[in-house]
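**Q** What shape does this take:
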Amino acid sequence: MIKTTIIPAMLFLLCCFMVTPAQAVEPEVVPFVVQLTRTGDNFGQRRVFMQIDKVLNELGEKNLHIEVVAYEDDIHALLENNEETSQLLVKLANRGVRFKACRISMKSWGLEEDEFPLEVEYIPAGAVEVIRLQMQGYKYWRP
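**A** Residues are numbered from 1 along each chain as shown. Modelled structure (predicted):
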């Protein structure tokens, strides 16, 4: 009699803990913060954007959340008139990448909001934003 009650109970527990195919397929989104400083030039900035595009192609947009924080010299990578990066910026933003410009760097370079595309957000300080995002669980990536 004990065996007949154990088997249904085990089957019930097994059913309770089974993972459905939909649950098994849904990966957890991993957030990354990309520090964009001191790449050196427009070509270096373009390479960073191309690396982000490649990572999204390989790992999937649904698996990643990427925020690019630009400050110091590399604030120029986010400018609307930057021929090397502006089209890539819009493409990546359409894929879910968020771009953030440091107001301190903007001020030091004499840049105004109207020089940046609509896809760019503004933050008080780039370094602080990189650290804040890491404190919120973002992984750090500096290409």
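**Q** now the helices for the protein?
**A** Taking DSSP state H as the test, the helices found in the chain are 2-16, 21-25, 42-59, 86-94, 103-109, 126-135.
**Q** Comparing those helices, which yields the minimum mean pLDDT?
**A** Across these, helix 2-16 has the smallest mean pLDDT, namely a mean of 50.
**Q** Quick check: closest non-adjacent residue to residue 46.
**A** residue 84 (4.4 Å; Cβ to Cβ, 6 or more residues apart in numbering). For every residue, glycine as well, the C-beta is placed using N, CA and C.
**Q** That neighbour: what's it in contact with?
**A** 42-43, 45-46 (Cβ atoms under 8 Å, 6 or more residues apart in numbering).
**Q** Phi and psi next, for it.
**A** phi -80, psi -30 (degrees, to the nearest 10).
**Q** just checking, residue 39 touches residue 51?
**A** No. Residue 39 lies out of contact with residue 51 (Cβ atoms under 8 Å); the separation is 10.8 Å.
**Q** that older thread, out of the contacts of residue 84, which comes closest to residue 120?
**A** Among those, residue 45 lies closest to residue 120 (Cβ to Cβ), at 13.7 Å.
**Q** what residues are up against the closest residue in space to residue 117 that isn't next to it in sequence?
**A** Ranked by Cβ to Cβ, 6+ apart and with sequence neighbours excluded, the top spatial neighbour of residue 117 is residue 80, at 4.6 Å. Going by Cβ under 8 Å, 6+ apart, residue 80 touches 86, 115-117.
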